[in-house]
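Asks: below are the sequence and a predicted model for it; my questions follow.
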Amino acid sequence: MSQKHRSSVLLAAVGFVLSSNALAQVTLESVIVTAQKREESLQDVGISVAAISAADLKDLGVSRAVDITQQVPAMQYTTWTPAFTTFSLRGISQNNFQDNLEAPVAVYMDGAYVASMNGVNGQQFDLDRIEVLRGPQGTLFGRNATGGLIHFLSHRPVETETNGYVEAGAADFGTYSFEGAIGGSISDKVRGRFAGRWEQSDGYLKAGTAFDIPATGQTSQGADGFAVRGMLQIDASEAVKIDLSAAYSKDDHVPTGQYVVTLTGFDPNTGLGAFTDAIDPADPEAGPQDFPRTPITGDVHRHWSNLDTYFDRETTSLTAQVKADLGGNVEFVSISNWLTLDKFYIEDAAGGFETLVGLSFVYTTEAAFDQWSQEFRLSGSSDRLRWQLGAYYLDMSWDTFQRVDGGLALGFLGTSDTQNLSTFGLIDSTNWSAFGQVEFDLADRWILIGGLRWSQDDKNLEMRQVYADAPEGVPPTEIRNIDDIAVTIPGIDVIDYGDYAARLQLNFKPGKDMLLYAAYNRGIKGGNWSLDPLGFVADQDLKHREEVLQAYELGWKTEFWNGGARLNVAAFYYDYQDYQAFSLVNLTPQVTNSNADAQGGEIELTLSPAQGLNLMFGAAFIDSTVDAVPDVFGGTVKAEFPSAPGMSLNLLARYEWPAFGGNLAVQFDGKWNDDQFLEGTNSEVSFEPAYSVWNTSLSYASADSGFGMSVYARNLFDEEYRVYDLDLGLLGFIEQAFGPPRQLGVAVSYRF
């Protein structure tokens, strides 16, 4: 069955359910979210929000942050290694792979911002829910929420009776996991909870053969790590509640860092990869030809690397939240967080070509990241008024190291394959902001919302580059230093940026179960530096400017069918000034600024047409334009946002019925993505044709013993699709990462 036919069948099934009057409707449960930093019904919030409950997370088998993209309209992700992940919301993303950058889609964990992109794709377990907010959220959440945010909320120790669960799993590719949690009262005023997860996997990217030469590198894209979290909830008094959390995770020698390589030619005008009428770099005298799009190994899940590359990562996070009822409907909240992260990563950036051409390209990064944040909030309400005031402080330090070894990348410096270039970077950053939001009931059905946040961003950069080739008699020699550059380009090493985010919105409730809203949001994202690992970025281009987004949104939320159906629709228009675009200039990563615009929307439909039957359908649409993205030679091309398919559809169908003293459930879920480009330049080789990924599961849960079991298949139809593309067309090839092939697995659990 073709992808198009599958989608048509699924849409027809949804249409049949909607039109059927023979089924008995079941009232949907109310969904509570904290999208405006207070508990509200999802249907009362004038923001495009996707909320995934603990039960839904379990049913979907979510164990990594990227797993949620399957059922969140307008959400995509890009990754070539578990060590670094980029999320995209409505096409807004940051595809640069350097450790010092922050994403425009902010990630929060239990109210605390996680600034490092190295720390957003850890193991997920024992969660209460995940909330995804689309569109700028700068007024209440502040920093770098231009595209939206993802909020992971843990299961807090709120129950007094002892409770918890254990779950063990096994799946293809030598994948094994174990997780569990236990919580309950420690005393009359103290409750605790401890949870953890361990996972090990050999990986699905195996060594292959190209040009009749077999590779000897290890199987890659695996897992080997654990994460634990302890929480205490303390009733300090009748009016004061304290939540304490400590989390630690460690990934140890995880096999990764190999790419799938495909030969290309390049466009002589832009230097970007091109399959059509290309010259084979392995046989230049063969003349123009059309290259096949298959990898050099003939298999999208086989690499051609002889190196055993890997990554290590260690993260510690401490959070303290204090809530105090001050009386008179006024509440005080304090959230303090300290987070530290260390990462080591090494990859074969030559894709194995050192075997063929005798020149290597090994890329190594190390990152030591620390952050400390403090937020204070006051909120209150009266008959017609709800308000919030707050202050926020964030202190961060990035200590980064990048090293490139080998002549394939550094041939411009010499002819030796033993040469290397090291880039040392240290960024100290402080951010403070003050914010407020007011909601005022103009009339019974009309609500006016206004918000404002002032943010001050201060950053300082220390950077230097050192070249060495010890076997050739070249000792470590400094060839670039930001202090020297600052003499001729004053301010190149400093960012001093203050600006405001704003929100103005009008809500209208024509009926009890309906909300219409019109919103304007001004979002901001501070500037940063491209810490060029190859020395190609011109001095004046090292720093990129801040970006400003003017966002306009219309939304409609409603429940109907006697409470058995929920429909949420949103449409938006984005107008960007100095959008931060990423591309490879002279084959080195660089962020530049360009104006851009986009328009689109989402549709989310949830319904329960009969007892035990639940259906979720989502659709997202986007059309975007970036005015000028630099190409390899320093020219520009007009492009659309990367990782932004023009249309995407997602579906979940689950039916549960009594059987064997409990309940059996069968589930089918998945997503279809339209054509898209995986890189900002929209080069031909980054074009990803439409594809769909579908999953299925059969599960059983005992009614009284707590026993549960499920068998599942992920990527049921074994679809081949890319989740990353790096266009090295100027060198005659591209490096890619493909999503996992079909995986069969089983999980057994016990809940108490």
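Replies: Right, received. Where do you want to start?

Asks: beta partners of Thr340?
Replies: Thr316, Asp370 (DSSP bridges).

Asks: pretty sure it sits against Thr315.
Replies: Yes - judged on Cβ atoms under 8 Å, Thr340 makes contact with Thr315 at a distance of 7.3 Å. Using the backbone N, CA and C atoms, a C-beta is placed for each residue, glycine as well.

Asks: looking at the two, which has the bigger crowd around it?
Replies: Thr315 (21 against 17; other Cβ atoms under 10 Å).

Asks: contacts only, for that one.
Replies: Gly119, Gly122, Ala247, Tyr248, Ser249, Lys250, Leu339, Thr340, Leu341, Asp342 (Cβ atoms under 8 Å, 6 or more residues apart in numbering).

Asks: can I get these in CSV including distance to Leu549?
Replies: As requested, these are arranged in CSV below (distance: Cβ to Cβ, whole Å):
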residue, distance to Leu549
Gly119, 25
Gly122, 28
Ala247, 32
Tyr248, 36
Ser249, 32
Lys250, 37
Leu339, 27
Thr340, 31
Leu341, 28
Asp342, 33
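
Asks: which of those residues tops the neighbour count?
Replies: Within the contacts of Thr315, most neighbours by other Cβ under 10 Å means Gly119, with 25 neighbours.

Asks: tell me the contacts of Asn121?
Replies: Asn121 neighbours (Cβ under 8 Å, 6+ apart): Arg64, Ala65, Val66, Thr79, Pro82, Phe84, Thr85.

Asks: coming back round to it: between the contacts of Thr315, which is closest to Arg453?
Replies: If you rank the contacts of Thr315 by distance to Arg453 using Cβ to Cβ, Leu339 comes first, at 22.1 Å.

Asks: hmm, Glu314 and that closest one touching each other?
Replies: No - Leu339 lies out of contact with Glu314 (Cβ under 8 Å); the separation is 11.6 Å.

Asks: quick check, Gly203 in contact with Gly222.
Replies: Yes - Gly203 lies in contact with Gly222 (Cβ under 8 Å); the separation is 3.1 Å.

Asks: before we move on, which element is the residue nearest to Gly390 when sequence neighbours are not counted in?
Replies: Using Cβ to Cβ, 6 or more residues apart in numbering and skipping residues adjacent in sequence, the residue nearest Gly390 is Arg377, 4.1 Å away. Using DSSP states H and E, Arg377 sits in strand 362-381.

Asks: from the chain's centroid, how far away is that strand?
Replies: 16 Å (Cα atoms, centre = their mean, to the nearest Å).

Asks: leaving out chain neighbours, which residue sits closest to Thr309?
Replies: Gly257 (3.0 Å).

Asks: just Glu684 next, same as before
Replies: Ala274 (4.8 Å).

Asks: residues in contact with the one you found?
Replies: Ala274 makes contact with Thr264, Gly265, Phe266, Asp267, Ser683, Glu684, Val685, Gly729 under the criterion Cβ under 8 Å, 6+ apart.

Asks: hang on, the second one packs against Gly729?
Replies: This means Gly265. Yes - between Gly265 and Gly729 a contact is recorded at 7.0 Å, counting by Cβ under 8 Å.

Asks: these two - which one has more neighbours?
Replies: Between Gly265 and Gly729, counting by other Cβ under 10 Å, Gly729 is the more crowded of the two (27 against 23).

Asks: using PDB, write down the CA coordinates of stretch 234-247.
Replies: The C-alpha trace of stretch 234-247 is given here as PDB (Å, rounded to 0.1, in the frame of the first residue of the first chain):
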ATOM      1  CA  ILE A 234       7.300  19.400  52.100                       C
ATOM      2  CA  ASP A 235       4.400  21.100  53.700                       C
ATOM      3  CA  ALA A 236       6.300  23.800  55.500                       C
ATOM      4  CA  SER A 237       3.000  25.200  56.800                       C
ATOM      5  CA  GLU A 238      -0.600  25.300  55.700                       C
ATOM      6  CA  ALA A 239       0.300  28.100  53.300                       C
ATOM      7  CA  VAL A 240       3.800  27.100  52.200                       C
ATOM      8  CA  LYS A 241       4.700  24.100  50.100                       C
ATOM      9  CA  ILE A 242       8.300  23.200  49.000                       C
ATOM     10  CA  ASP A 243       9.300  20.900  46.100                       C
ATOM     11  CA  LEU A 244      12.900  19.700  45.900                       C
ATOM     12  CA  SER A 245      14.300  17.800  43.000                       C
ATOM     13  CA  ALA A 246      17.700  16.300  42.300                       C
ATOM     14  CA  ALA A 247      18.400  14.600  38.900                       C
END
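
Asks: and it, average pLDDT?
Replies: Here stretch 234-247 scores 97 as its mean pLDDT.

Asks: tell me the buried residues in that stretch?
Replies: Ile234, Lys241, Ile242, Asp243, Leu244, Ser245, Ala247 (16 or more other Cβ atoms under 10 Å).

Asks: contact partners for the second one?
Replies: Counting by Cβ under 8 Å, 6+ apart, Lys241 makes contact with Gln233, Ile234, Asp235, Val322, Lys323, Ala324.

Asks: which of the residues you listed lies closest to Glu29?
Replies: Once Cβ to Cβ is applied, the member of these that ends up nearest Glu29 is Gln233, at 24.2 Å.

Asks: just checking, that closest one touches Lys189?
Replies: No - counting by Cβ under 8 Å, Gln233 does not reach Lys189; the two are 9.3 Å apart.

Asks: gap between the residue lying closest to Tyr204 once chain neighbours are set aside and Gly661?
Replies: Closest residue in space to Tyr204, ignoring its immediate chain neighbours: Phe173 at 4.8 Å, by Cβ to Cβ, 6+ apart. Distance of Phe173 to Gly661, given as Cβ to Cβ, to the nearest Å: 34 Å.

Asks: neighbour count: those two, which is higher?
Replies: For the pair Phe173 and Gly661, the greater number of neighbours falls to Phe173 (18 against 11), based on other Cβ under 10 Å.

Asks: in three-state terms, label that one for me.
Replies: Assigned with DSSP: H, G, I helix; E, B strand; the rest coil, Phe173 falls in the coil class.
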